[in-house]
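**Q** okay, sequence plus prediction incoming.
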Amino acid sequence: MNKPAKPPLHRDVEAFLRTGMELATSDRGELALSLAAKALAEVPGDPRMAAFGRLVSSHQVPKFHHGMLRDTQRNQLYRKAIERLAPGRKVLDIGTGSGLLAMIAARAGAEKVIACELNPMLAATAREIVAANGLSEKITVIGRHSGMLDRNGDLDGGADLVISEIFSDDLLGESVLPALKHARQELCAPGAIFIPDSAEILVAAVEFSGSSMALGEVEGFDLSLFERHLGPVRTFNPASANIALSSDPRTLFRFDFNAADYPALSRENEIDLGIPTAATNGLAQWIRFTLAEGIVYENRPGSARATHWPVRFTPLGPHTNPIRNDLRIGGWHNAEKLAIWPLID
């Protein structure tokens, strides 16, 4: 007995979305793209089905990708560092996303580029982009986490240059430290180098002139206890006029990726910010990369233009205001988290 035919994908949208989203988050993510293409092929040019297809192809893809790829300064500085260091080297690009940095390396004269991407659906798109740009012979895109790669099987004895841009606004949230440590120990040839060369977490006292971010009273009800679930940090565009530095910046943590001793995955530190202005009411934290010697990217507050990494703002509690003495700051990080606090005498 013949099984009843399945209805066309465009006539059973719920089933299409359910299957597509399951595939998008599985190790068969490329099949989600095929499913979306098949559904659109049933009704070519149909904007309704195109909208449903985009729901599948964007499912659980981080929203930062658009801003990151449109960050001209970031792209240009990475290009300068890659053009200096990639020629003649075997390159590993960790977290390739769209494949942009891998293609820059290939165009710059890398011997070979291996690009890995945790999300198999994005890896499939990166392969298409690489092919569309005529670089498939020089770039291999692998849809796996870098921790699953093999030095010999995937990298022909190890990478000479490792490129990464898996940094969050606190530097650490995308697990860059364990990923690069593993790459150094397990995926590199002797003498391999890294882009970026180093990275820093910077902190300064600031005056925030915007409206209060505390919940307090809402519609006559005291909601202040809900603050415990919101975390201590808010984020702002680096070009925001609401934040002004009230102390000199200081480096809280520095990470040297090309050093013989790899940075510890967990540390605690204290720094002195000096005596800030009387109107100081918070701390700003941002990041700085030295991609290669003389090539530096920073999303410092007060920047003339926005960057895709925001500045993180931590308000100072009432126990620190007004500040009459040196403001000392404590900080701690592990492989993925960062905490900053004022030190009280």
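**A** Now that the structure is in, tell me what you want to look at.
**Q** strands along the stretch 201-345 of the chain, start to end?
**A** With DSSP state E, counting those that start in this stretch, the ranges of strands along the stretch 201-345 of the chain come out as 217-218, 221-222, 234-236, 243-245, 250-256, 267-272, 282-292, 295-298, 311-315, 328-333, 338-342.
**Q** give me the mean pLDDT for the fourth one.
**A** Mean pLDDT, strand 243-245: 91.
**Q** what do you get for the third one?
**A** Rounded to a whole number, the mean pLDDT of strand 234-236 is 89.
**Q** before we move on, what about the second one?
**A** The average pLDDT for strand 221-222 rounds to 90.
**Q** helices or strands next to that strand in the packing?
**A** If contacts are counted by 3 or more Cβ pairs under 8 Å, 6 or more residues apart in numbering; DSSP states H and E, strand 221-222 sits against no helix or strand. All C-beta spots, glycine's among them, are computed from the backbone N, C-alpha and C.
**Q** how far off centre is it?
**A** Centre-to-centre, strand 221-222 and its host chain are 37 Å apart (Cα atoms, centre = their mean, to the nearest Å).
**Q** okay, the strands of the stretch 201-345 of the chain, which one's buried deepest?
**A** Mean neighbour count, computed with mean count of other Cβ atoms under 10 Å, is highest for strand 282-292 among those, reaching a mean of 24.
**Q** partner strands of that one, with direction?
**A** strand 198-208 (antiparallel), strand 295-298 (antiparallel), strand 311-315 (antiparallel) (DSSP bridges).
**Q** now the longest one - C-alpha only, PDB.
**A** Put plainly, it is strand 198-208. The C-alpha trace of strand 198-208 is given here as PDB (Å, rounded to 0.1, in the frame of the first residue of the first chain):
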ATOM      1  CA  SER A 198      47.300  40.300  22.600                       C
ATOM      2  CA  ALA A 199      44.100  41.700  24.200                       C
ATOM      3  CA  GLU A 200      43.300  43.900  27.200                       C
ATOM      4  CA  ILE A 201      40.300  44.500  29.400                       C
ATOM      5  CA  LEU A 202      40.400  48.200  30.300                       C
ATOM      6  CA  VAL A 203      38.500  50.100  33.100                       C
ATOM      7  CA  ALA A 204      38.000  53.700  33.900                       C
ATOM      8  CA  ALA A 205      35.700  55.700  36.200                       C
ATOM      9  CA  VAL A 206      33.000  57.600  34.300                       C
ATOM     10  CA  GLU A 207      30.200  60.100  34.700                       C
ATOM     11  CA  PHE A 208      27.000  58.800  33.400                       C
END
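**Q** that one versus strand 328-333: what angle between them?
**A** Here the directions of strand 198-208 and strand 328-333 differ by 140 degrees (axes from the mean of the first three to the mean of the last three Cα atoms, to 10 degrees).
**Q** circling back to that earlier point, of the strands of the stretch 201-345 of the chain, which approaches Ile201 most closely?
**A** Proximity to Ile201 (Cβ to Cβ) singles out strand 250-256 among those, at 4.5 Å.
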